[in-house]
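Chemist: Would you be able to build a 3D model of this:
(one chain, ligands or ions: 1)
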Amino acid sequence: MHETGLSQAIVDAAVRRAAGRRVTGLRVRIGGHPVDPGVVTQGIQLAAAGTVAADAAVDLVLEPMTVACHDCGRRGPVDDHLAMVACPQCGGVDIEVTGTDDVVLESITVDVVEPPALVPAAASHDPGSADA
Ligand SMILES: [Zn+2]
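Modeler: Just a heads-up that it's a prediction; the model follows:
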């Protein structure tokens, strides 16, 4: 299934952009043909397992293509494959399909809290050892 490679590409891009920080959210824009959001979300979460994006919430933005009819002027989203062949309103075939048929990682949300490892370990004083 090509969705697997797609999900992997999304996660790879998010991990690169996070630069070692923990990813808490992924916003993914899906253009073109209708997809099942549940399948895409699951694929991304599977691909993110074991990475800094493992616990990220996946936010999908579905952006269907738009078809414009040159005959009647109708403009609307492509909600089925027939709409890409003929105008749903007048049946005209002089139509123009606009929009991108792609999947884009729109933005990521990262955990901005500094890792605790950066706090100097010698800062804590142990009073119990002074009487030894
Ligand atoms: Zn039309």
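Chemist: Flag every residue of the chain that's near the ion.
Modeler: Contact residues, the chain versus the ion (C-beta under 5 Å from the ion): Cys69, Asp71, Cys72, Arg74, Cys87, Gln89, Cys90, Gly92. C-betas here are computed from N, CA, C, even on glycine.
Chemist: Secondary structure, neighbour count and pLDDT added to these, as JSON lines?
Modeler: JSON lines is the format used below for the residues of the chain next to the ion (DSSP: H, G, I helix; E, B strand; the rest coil; neighbours: other C-beta atoms under 10 Å; pLDDT from 0 to 100):
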{"residue": "Cys69", "secondary structure": "strand", "neighbour count": "21", "pLDDT": "94"}
{"residue": "Asp71", "secondary structure": "coil", "neighbour count": "14", "pLDDT": "95"}
{"residue": "Cys72", "secondary structure": "coil", "neighbour count": "13", "pLDDT": "97"}
{"residue": "Arg74", "secondary structure": "coil", "neighbour count": "16", "pLDDT": "93"}
{"residue": "Cys87", "secondary structure": "coil", "neighbour count": "21", "pLDDT": "91"}
{"residue": "Gln89", "secondary structure": "coil", "neighbour count": "14", "pLDDT": "90"}
{"residue": "Cys90", "secondary structure": "coil", "neighbour count": "14", "pLDDT": "94"}
{"residue": "Gly92", "secondary structure": "coil", "neighbour count": "14", "pLDDT": "93"}
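Chemist: element containing Gly5, please.
Modeler: Counting by DSSP states H and E, the element that carries Gly5 is helix 2-18.
Chemist: quick one: whatever helix or strand comes next after that helix to chain centroid distance?
Modeler: Using DSSP H and E, the helix or strand that follows helix 2-18 in sequence is strand 23-31. From the chain centre to the centre of strand 23-31 is a distance of 2 Å (C-alpha atoms, centre = their mean, to the nearest Å).
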